[in-house]
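[1] Let's see this in three dimensions:
(one chain, ligands or ions: 3)
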Amino acid sequence: MTTIDRRRFLQTLAAGSVLLAGHKPVFPAGVAHAMAPAEATPGFNPDVELELNAAPGEIRVLPGNATRLWRFTGRVLRGDPRSLSFLDGSGHIPVIRARRGQKLRIHFTNQLPEDSIVHWHGLHIVQRADGHPMYAVGTGKKYVYEFVVDNRAGTHWFHPHPHERTGLQVYFGLAGLFLVGDDEEDAARLPRDELDLPLVIQDRTFNAANQLVYLAPGMMDRMMGFQGDRVLVNGAAGYTRAMERTAYRLRVLNASNSTLYSLRWSNGRPLTLIGTDGGLLERPLTRASLTLGIGERADVWVDFAGGQPGDEVAIVADSWSPMLENITGLQTGAAPVPGGRPIARFRIANGAARKSTLPQRLSSFPALRIGDAVNRDRPRTIQLSMQRGQAMLNGRTFGRMDEVADDEKVKLGTTEVWEFANDASFGMRMAHPMHVHNLQFRVVERSGPGHAISAGFTDEGLKDVALVLPGQRVRVLMKFEDYTGIYLYHCHILEHEDLGMMRNYRVDPA
Ligand code: C2O
Ligand code: CU
Ligand code: CU
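    Ligands and ions are numbered 1, 2, ... in the order given. Sure thing, here's the model as predicted:
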């Protein structure tokens, strides 16, 4: 047993005995349901210990009535007080900051009127801490996460992951960032602290009383994916911020339920991409536009030193439904505006310009080589399909909590090629952003027809989401390391995930 396995084993024993008394089943009979650790493990000494609650609340987003939502609250119990903060904007989006190698303990309490559990999207993590729906806890219950932060520096995020309720819980306000730092990133001397600005993009629809509107009854919204008619950034409508005359690092996350975004600068400058889902690129790249599928991140470097005080520069977004229809313009009910709409406005503040240089060498990656794949010439193909009200992977939907088919088992320590095939020869033709838990992969091949948004794809670097357009096949290379157990792979259109376009895969001992 490795140390981590042994600790997990001990943790399972400890948690099981605490929980047996008084735990009511939260899943229907016949569904496997794991025990939730309700208490901390005595031998685990965290560097950072946090309390994180999901609870009903309200915030002011639009003029007039406050909007009722579900939100994370929390505090730092041990470690650096900056380990937990809340974004500018509406103030309800949390940011957890950790360093590679740190041990974290997070006490999650579910104060929602339904089951929930938190998943750390992008983290390479022991199964018990991954937030699989099998670990969902009921109202008033607690789940204790204990894990070592084992990712290179990067922009990750977290959101609830209960069975069939992920879309609703994220939509009603539950999503946060999980930023990992490390020495390699420090050495790149990128803008930091207040010059390191996350931008979380989410679209929402409000009714006349400023309350959130989600799915209409029936299947249509679920199949198409839900698109809100206003684009919020960091929870704010009409996000505006004063920027100093210097360089910034913008960490952009598309945390919408189903909308694909194509982003560009209002002044026509190219975007400088320095990182993707799994952290920094080796060197910066430029793009006229950046496409972000759901769950994807883009790390962007921008220098405002050349701007004059009072100038305004905006990030302009074209929004696309997964059907690849342009939905820019929905906000006003008007016809689509060619060229998109500004979603975040930056006004250059007074003060002297400060010079900064973008390093040409940002990082180096763990080597993932196609030659190391055990199935290099016979990738595991996963057919994506939508038909008769079902969203499926290889013709299957999510079944029992621990169900794993024979073709979903992999061996610890191996490298494999998986191919997401959106052949869409029958059923609905839609784009599907495919996500794999517990690892970062490399996109090694993308074939099939492109689209206007293809020019902005960020297939570079390490990724955990790959947007697969209709008719495309995308091959990804990944290595199953360190942890055995059950993890998920799924479409990150949250309505598709909730419809069951999600499956387990299992990493078995070598
Ligand atoms: Cu954002 Cu199952 O993940
Ligand atoms: Cu995930
Ligand atoms: Cu999908």
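
[2] count of residues packed around the residue in the stretch 151-300 of the chain that ligand 2 sits nearest to?
    The minimum distance from the stretch 151-300 of the chain to ligand 2, using CB to the ion, falls at Gly295 (7.1 Å). Just so you know, the C-beta spots here come from the backbone N, C-alpha and C atoms, and that holds for glycine as well. The local packing count at Gly295 equals 24, with neighbours defined by other CB atoms under 10 Å.

[3] so who does it touch?
    Contact criterion CB atoms under 8 Å, 6 or more residues apart in numbering gives His121, Trp157, Leu253, Asn254, Ala255, Asp277, Pro433, His435, Asp464, Val465, His492 as the residues in contact with Gly295.

[4] Same question for Glu495.
    With contacts defined as CB under 8 Å, 6+ apart, Glu495 is in contact with Gly167, Leu215, Asp221, Arg222, Met223, Met224, Gly225, Phe226, Asn257, Ser258.

[5] switch to 7 Å and redo it
    The contact partners of Glu495, taken as CB atoms under 7 Å, 6 or more residues apart in numbering, are Gly167, Asp221, Arg222, Gly225, Phe226, Asn257, Ser258.

[6] host element of the first one?
    Taking DSSP states H and E as the criterion, the element that holds Gly167 is helix 166-171.

[7] Just confirm yes or no for the next helix-or-strand element following that helix near ligand 2.
    On the C-terminal side of helix 166-171, the closest following helix or strand by DSSP H and E is strand 176-181. No - applying CB under 5 Å from the ion, one finds strand 176-181 separated from ligand 2 by no less than 10.8 Å.

[8] okay, the residue of the stretch 151-300 of the chain closest to ligand 2: pLDDT?
    As summarised for this prediction, Gly295 has a pLDDT of 98.

[9] Give me the distance between it and Arg204.
    As for Gly295, its distance to Arg204 is 17 Å (criterion: CB to CB, to the nearest Å).

[10] What residues does the chain have near ligand 3?
    By CB under 5 Å from the ion, the part of the chain that sits against ligand 3 consists of His432, Cys491, Ile493, His496.

[11] returning to what we had before: so the residue of the stretch 151-300 of the chain closest to ligand 2: helix, strand or coil?
    When states are read from DSSP: H, G, I helix; E, B strand; the rest coil, the local structure at Gly295 comes out as coil.

[12] can you pick the most crowded of the residues of the chain next to ligand 3?
    Comparing these by number of neighbours (other CB under 10 Å), Cys491 comes first, having 33 neighbours.

[13] surely that residue meets Met434?
    Yes - contact between Cys491 and Met434 holds when scored by CB atoms under 7 Å: they sit 6.1 Å apart.

[14] list the residues that contact both of these two?
    Overlap of the contact sets of Cys491 and Met434 (by CB under 7 Å, 6+ apart) is empty.

[15] ok, back up a step: hmm, the helix holding Gly167 in reach of ligand 1?
    No - when contact is scored as CB under 6 Å from any ligand atom, no part of helix 166-171 falls within range of ligand 1; the minimum is 7.5 Å.

[16] dump the residue contacts of Leu77.
    Applying CB under 7 Å, 6+ apart, one finds that Leu77 lies in contact with Glu49, Leu50, Glu51.

[17] so what does the host helix or strand of the last one touch, helix or strand wise?
    Right, Glu51. Secondary structure from DSSP H and E places Glu51 in strand 48-59. When contacts are defined as 3 or more CB pairs under 7 Å, 6 or more residues apart in numbering; DSSP states H and E, strand 48-59 packs onto strand 67-78, strand 103-110.

[18] what's the following helix or strand after the last one?
    In other words, strand 103-110. Sequence order places strand 118-121 as the next helix or strand after strand 103-110, per DSSP H and E.

[19] Mean confidence (pLDDT) on that following strand, please.
    Mean pLDDT, taken over the full extent of strand 118-121, equals 98.

[20] buried stuff in the helix or strand where Ile315 lies?
    Taking DSSP H and E as the definition, one finds Ile315 inside strand 312-320. For strand 312-320, burial by neighbour count (16 or more other CB atoms under 10 Å) applies to Val313, Ala314, Ile315, Val316, Ala317, Asp318, Ser319, Trp320.

[21] Likewise for stretch 55-67?
    In terms of neighbour count (16+ other CB under 10 Å), stretch 55-67 has its buried residues at Gly57, Ile59, Val61, Thr67.

[22] okay, these in CSV with pLDDT next?
    Written out in CSV, the entries for the buried residues of stretch 55-67 read as follows (pLDDT from 0 to 100):
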residue, pLDDT
Gly57, 97
Ile59, 96
Val61, 96
Thr67, 98
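
[23] so Arg249 makes contact with Ala188?
    No - Arg249 is not in contact with Ala188 according to CB under 7 Å; the separation is 10.0 Å.

[24] Which parts of the stretch 301-450 of the chain are strands?
    When assigned using DSSP state E, counting those that start in this stretch, the strands of the stretch 301-450 of the chain occupy the ranges 312-320, 341-348, 380-387, 390-393, 409-411, 415-421, 432-436, 442-447.

[25] What is the fourth one packed up against?
    Read it as strand 390-393. Secondary-structure packing of strand 390-393 (3+ CB pairs under 7 Å, 6+ apart): strand 380-387, helix 494-499.

[26] Whatever helix or strand comes next after the shortest one near ligand 2 at all?
    Using DSSP H and E, the helix or strand that follows helix 494-499 towards the C-terminus is strand 502-508. No - under the criterion of CB under 5 Å from the ion, strand 502-508 makes no contact with ligand 2; the nearest approach is 10.5 Å.

[27] Now name the helix or strand holding Asn257.
    Assigned by DSSP H and E, Asn257 falls within no helix or strand.

[28] Give me the pLDDT for it.
    Asn257 is assigned a predicted lDDT (pLDDT) of 98.

[29] Repeat that for Gln308.
    Looking at Gln308 specifically, the model assigns a pLDDT of 94.

[30] Let me know the closest of the buried residues of strand 312-320 to Asp406.
    Distance to Asp406, by CB to CB, is smallest for Trp320 among the buried residues of strand 312-320, at 36.6 Å.

[31] Hmm, that closest one is touching Asn326, no?
    Yes - at 5.8 Å, Trp320 and Asn326 qualify as touching, with contact defined as CB under 7 Å.

[32] returning to that earlier point: and the residue of the stretch 151-300 of the chain closest to ligand 2, how close does it get to Ala237?
    When distance is defined by CB to CB, Gly295 is 22 Å away from Ala237.
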